[in-house]
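**Student:** Provided below for reference: sequence and predicted model.
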Amino acid sequence: MKYCKKCAVSVNTRHDYCPLCAAGLFDKSGADSGTLMPDGGELYPSDGESQTYNLTLRIFAFITLAGVLTCVLINILTYTGMLWSLLVAAGTAFLWAAVGYPFIARKNIGHHILMDAVAACVFFVVAQFVIKTKGWSLDYVVPFLFIAATTLISFVILVKRMKWREYAVYQFMTIVLGVLPVVSVVAGLVEIRWPSIVSAFYSFITLLGMFIFGDKKYKSELIKRFHF
Amino acid sequence: MSPEKKAHANDNRWFRLDNAAKIYPPIRSARRAGVFRVAAVLKAPVNPETLQKALNVTLSRFPSFNVRMRKGLFWYYFEHNPNGALVTPEKAPVCRPVDLRETKGYLFRVSYYGCRISLEIFHAIADGTGAMIFLKALVYNYLALSGAPVEADEEILDGQMSVAGGEVEDSFLKYYNENRKAGRAEETAYQMKGTRLPPGYVRITQGIIPVEPFKALAKEAGATLTEYMAALLILAVYESQLKGRGHKNPVKVSVPVNLRNFFPSGTLRNFSSYINVGLAFNGEEADFDAILSAVREQLRNDATKEKLIEKIGANVSAERSPFMRVTPLFMKNLALKTAYNLYGERLVTTTLSNLGVVGVPESMREHINRFEFLLGAPRRNTFSCAVCSFGGQVTVSFTRVVEETDIERFFFRYLAKKGLDVTIESNYGALL
Ligand SMILES: [Zn+2]
């Protein structure tokens, strides 16, 4: 134990100076109580340092963004009635969602399947708009994309049964999206109706399956995720 | 229920975040960890293997601690964490953020260093009182597993979790009265100037003071320990930065209040509020007695059931408003973060949290040197102060993020001059 005459306090420390006033300390009878903390001074990552500078990612981001903007400029300068640069932009966005995003975020696979399905839908709807052909995207592509996504997540759930709850919420969101094509039927946006109806029906059957096999746990999982 | 089925039920258990907890996840960042520490300094070096066994036993008794945090569409929630928490050697800095990869999703960290067992915990899980109850049970289990003849009494939670006791309830909701809400407008407080330490550094200065003479000193001034210390902190701020010049913003100290003392509750989660006390200095000479009487009056005025229930009302009704409830989580996070950055910490100059006397069974006393309570590094404020007492000693712990030691020096010198026997410990050498 040591003593600071200026502060009139005892100091339990390994150091020779007072932690309060930096004056020299004097020895005092009485042993150190062995309660010291590790010396401060070790750094933990600060706000700035915690994010590492990912050069590869930045190069890809720069190339794709610059490329898309160049296409937009060329498209505008040589406009002949077709907005093909929009297609490039949507395609690039899809590639980022399908490849770039899983690479950066590394979320649960159900999350990525859901995001990919949504990104693909956006791409095909934009493509149809650009090419000005008749409604094949909403007629066929979107319903079958959701059927595929739902099936894929169901497959993941079956394979990774122990962790099924992790995927159940994405399964549920895909199911909800799978019902949406029916809205386009009701709104008269599609000519060929059966794929949309099949998609909604398939969603419903999957939901039924989840409730029957997942039992109360499925319900409680949904309550947990969507409580408000 | 069979044990197997029971374990299964535990796995499915999940909790909403309580009303006070909800602010911590959105504002969490590397520099605002939302972590505080309660620690026990034993009389013999800690054995890591025994501590690990004790943690396993304790954790199964405290389901609201045995969780990981997940995102729902509208709110975060806690669910059972199956990974099992590990004890680790203590690593500087004190109250560093909880790294979820390191803790396997747990929102607390149990570590050992010499004779000390520390529990560093994210505030969303529990408040100081709840964390201290967990720590006491951990220390009890540790001592019992080390072969010490300790006996649990009502201070120690052992055996089985009691749902009936409301240990995991959100007591804010229980005492919420939607017709009684306090207004929220409050003045920004004076922010101390100082040379910031590099990010990630904190300086801890602890003063250990005999409780009886300290209490007598406060009593002589007609105050409780908390009132006395709050006034002394304000005086320290005045003496170090506002003497002779004053400032338009008041110096304010946030004093957390344990709501369990006002409303019966056995919850181990958050159930505390706070009262901000302080006054502005206009450049004229200030003296301790005037500050103390102002602080005392404000504290006694606001620490009443009526006033506190209005505070609960304001917070709960904000959380339960239909608009707030249906806003997706990511938007809530953005809004809460922005609001907190704009107002939050600016409303106070510092925080003084007093956990009071830590009670343990007689049989445990001889094995424990003292208990400690420390707050994490503040973001905008320059320091905070946490207090608890045990075995006839008060431990006052300052956490500071600036080079200057003015506040602690003034605080402890003042008490030493009043004849108290002060022993200082710190986590740094004076010339670091
Ligand atoms: Zn000194």
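**Tutor:** On my side now, so go ahead.

**Student:** so residue B:104 makes contact with residue B:98?
**Tutor:** No - Residue B:104 is not in contact with residue B:98 according to C-beta atoms under 8 Å; the separation is 10.9 Å. For the C-beta atoms, the positions are set from N, CA and C on the backbone; glycine is no exception.

**Student:** These two: who's more crowded?
**Tutor:** residue B:98 (21 against 13; other C-beta atoms under 10 Å in any protein chain shown).

**Student:** Read off the pLDDT value for the more buried one.
**Tutor:** The model reports residue B:98 with a pLDDT of 91.

**Student:** isn't it right next to residue B:105, touching?
**Tutor:** No - look at residue B:98 against residue B:105 with C-beta under 8 Å: they stay out of range, at 9.7 Å.

**Student:** now the closest residue to residue B:118 other than its chain neighbours, which residues is it bridged with?
**Tutor:** Nearest residue to residue B:118, sequence neighbours excluded (C-beta to C-beta, 6 or more residues apart in numbering or on different chains): residue B:39, at 4.1 Å. On the basis of DSSP bridges, residue B:39 is bridged to residue B:118, residue B:372.

**Student:** contacting residues around residue B:32?
**Tutor:** Residues in contact with residue B:32 (C-beta atoms under 8 Å, 6 or more residues apart in numbering or on different chains) are residue B:379.

**Student:** Phi, psi for it please.
**Tutor:** phi -130, psi 90 (degrees, to the nearest 10).

**Student:** Any figure for the gap between it and residue B:348?
**Tutor:** 14 Å (C-beta to C-beta, to the nearest Å).

**Student:** Run through who's touching stretch B:298-315.
**Tutor:** By C-beta under 8 Å, 6+ apart, the residues outside stretch B:298-315 that reach it are B:19-20, B:172, B:175-184, B:226-227, B:230, B:255, B:257, B:259, B:262-263, B:273, B:275, B:277-278.

**Student:** What residues of it count as buried?
**Tutor:** B:298-299, B:302-303, B:307-313, B:315 (16 or more other C-beta atoms under 10 Å in any protein chain shown).

**Student:** quick one: average confidence on the helix or strand harbouring residue A:147?
**Tutor:** Element membership for residue A:147 (DSSP states H and E) is helix A:142-159. For helix A:142-159, the mean per-residue pLDDT is 91.

**Student:** Next SSE downstream of it?
**Tutor:** Next along the chain from helix A:142-159, counting by DSSP H and E, comes helix A:164-179.

**Student:** Please export the C-alpha coordinates of that following helix as PDB.
**Tutor:** Only the C-alpha atoms of helix A:164-179 are listed here, as PDB (Å, rounded to 0.1, in the frame of the first residue of the first chain):
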ATOM      1  CA  TRP A 164     -35.800 -25.400 -39.100                       C
ATOM      2  CA  ARG A 165     -37.000 -22.500 -37.000                       C
ATOM      3  CA  GLU A 166     -34.200 -20.300 -38.400                       C
ATOM      4  CA  TYR A 167     -35.700 -20.700 -41.900                       C
ATOM      5  CA  ALA A 168     -39.400 -20.800 -41.000                       C
ATOM      6  CA  VAL A 169     -39.800 -17.100 -41.000                       C
ATOM      7  CA  TYR A 170     -38.300 -16.800 -44.600                       C
ATOM      8  CA  GLN A 171     -40.500 -19.700 -45.600                       C
ATOM      9  CA  PHE A 172     -43.500 -17.700 -44.300                       C
ATOM     10  CA  MET A 173     -42.500 -14.500 -46.100                       C
ATOM     11  CA  THR A 174     -42.000 -16.400 -49.400                       C
ATOM     12  CA  ILE A 175     -45.400 -18.000 -48.900                       C
ATOM     13  CA  VAL A 176     -47.000 -14.600 -48.500                       C
ATOM     14  CA  LEU A 177     -45.300 -13.300 -51.600                       C
ATOM     15  CA  GLY A 178     -46.400 -16.500 -53.400                       C
ATOM     16  CA  VAL A 179     -50.000 -15.500 -52.800                       C
END
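
**Student:** Run the angle between it and helix A:142-159 for me.
**Tutor:** Here helix A:164-179 runs at an angle of 170 degrees relative to helix A:142-159 (axes from the mean of the first three to the mean of the last three C-alpha atoms, to 10 degrees).

**Student:** residues contacting the residue lying closest to residue B:20 once chain neighbours are set aside?
**Tutor:** Closest residue to residue B:20 apart from its sequence neighbours, by C-beta to C-beta, 6+ apart: residue B:270 at 3.9 Å. Applying C-beta under 8 Å, 6+ apart to residue B:270 gives the contacts B:18-21, B:123-124, B:126-127, B:130, B:172.

**Student:** Equivalent analysis for residue A:104, please.
**Tutor:** residue A:57.

**Student:** That one: what secondary structure?
**Tutor:** Look at residue A:104: counting by DSSP: H, G, I helix; E, B strand; the rest coil, its state is helix.

**Student:** do you know how far it is from chain B?
**Tutor:** Per C-beta to the nearest C-beta, to the nearest Å, residue A:104 is found 17 Å from chain B.

**Student:** now the helices for chain A?
**Tutor:** Secondary structure of chain A by DSSP state H: the helices cover A:47-50, A:55-77, A:84-95, A:101-105, A:109-131, A:136, A:142-159, A:164-179, A:181-186, A:194-226.
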